[in-house]
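Visitor: give me the fold of what follows.
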Amino acid sequence: MDRPDSSFSARLEQLSSALNQLHKTLDEAHELGEVLLGDSRERVDKLSRELRDGSFKVIITATVKAGKSTFLNSLLGAPFLPTGSIPETAVVVRIIHDPTHPAGLLEDGQGSIQGLASIREHIAQRNTKARTEQDMSAITLVLRAPLAMLPRELQQGVQVELWDSPGAGEAGWSTLKDDLRGTLQKADVVLYLLDGSR
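Guide: Here you go, the predicted structure:
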């Protein structure tokens with residue numbers, strides 16, 4: 001796997017060094033009996049490991065109809081995720097940057113689907129099924145496709161994973177709330193989209 005260019009590598013090295021310093025500071029604070037740190041050390045350890053491994057997990061969340069799927073489609077450079085005038089997202093879709101699948105590859109635990117139109121239709125069907133059957137707790141789809149808007153220095157050598165999930169008030173939110181809370185805790189970044197027109 002190719003590594004990102006040297007300027008990006010240098011920035012990663014600086015961030016890794018800063019995280020190591022933070023780790024030492026947390027050790028010292030822990031020795032002093034600092035109670036308020038909670039799981040800060042574990043989070044710093046996790047982020048340090050992921051920086052070394054070159055992987056980042058970003059969870060996208062928002063309220064109903066704020067444009068999560070539209071935003072993600074723009075990052076993908078193609079409309080893989082269904083969008084519309086009614087709330088569409090009812091299942092979690094993990095999007096993994098994978099330049100080896102330019103037409104996309106969707107895995108649903110039962111098989112795989114290839115091609116933009118087929119993927120979009122399958123996701124729409126799974127959303128509809130999840131909303132009508134009210135059973136969304138175990139449904140997670142994995143979409144492997146290139147993130148066209150990813151900066152060039154991140155195109156190779158770094159694994160970026162974005163998660164599209166139902167937002168507060170969307171279909172399935174009450175069922176998925178506990179699952180999503182756990183997912184949010186695993187994220188390196190949580191991006192909360194706001195609809196500026198509201």
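
Visitor: what residue ranges in the chain score low on pLDDT?
Guide: Along the chain, segments meeting pLDDT under 70 span 1-6, 26-41, 43-44, 46-54, 85-88, 134-139, 153-157, 167-183, 198.

Visitor: walk me through the domains of this structure.
Guide: Split into domains by automatic domain parsing, the chain comes to 6-53, 55-193.

Visitor: can you give me the helices for the chain?
Guide: 6-31, 40-53, 68-76, 116-133, 173-186 (DSSP state H).

Visitor: residues making contact with the shortest one?
Guide: What that stands for is helix 68-76. Helix 68-76 is contacted by residues 60-62, 79-83, 88-89, 95, 145-150, 162, 164-165, 167, 193 when judged by CB atoms under 8 Å, 6 or more residues apart in numbering. No exception for glycine: its C-beta is placed from N, CA and C like everyone else's.

Visitor: cutoff 6 Å now
Guide: By CB atoms under 6 Å, 6 or more residues apart in numbering, the residues outside helix 68-76 that reach it are I60, A62, P79, L81, T83, T89, A145, L147, M149, D164, L193.

Visitor: check which residues of that helix are buried.
Guide: Within helix 68-76, the residues that qualify as buried are K68, S69, F71, L72, N73, L75, L76, counting by 16 or more other CB atoms under 10 Å.

Visitor: keeping just the C-alphas, turn that helix into PDB.
Guide: Provided in PDB are the C-alpha atoms of helix 68-76 (Å, rounded to 0.1, in the frame of the first residue of the first chain):
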ATOM      1  CA  LYS A  68     -26.600  13.800   5.100                       C
ATOM      2  CA  SER A  69     -27.000  11.500   2.100                       C
ATOM      3  CA  THR A  70     -26.700  14.400  -0.400                       C
ATOM      4  CA  PHE A  71     -23.500  15.500   1.300                       C
ATOM      5  CA  LEU A  72     -22.100  12.000   1.200                       C
ATOM      6  CA  ASN A  73     -23.000  11.600  -2.500                       C
ATOM      7  CA  SER A  74     -21.000  14.800  -3.200                       C
ATOM      8  CA  LEU A  75     -18.000  13.300  -1.400                       C
ATOM      9  CA  LEU A  76     -18.400  10.100  -3.400                       C
END
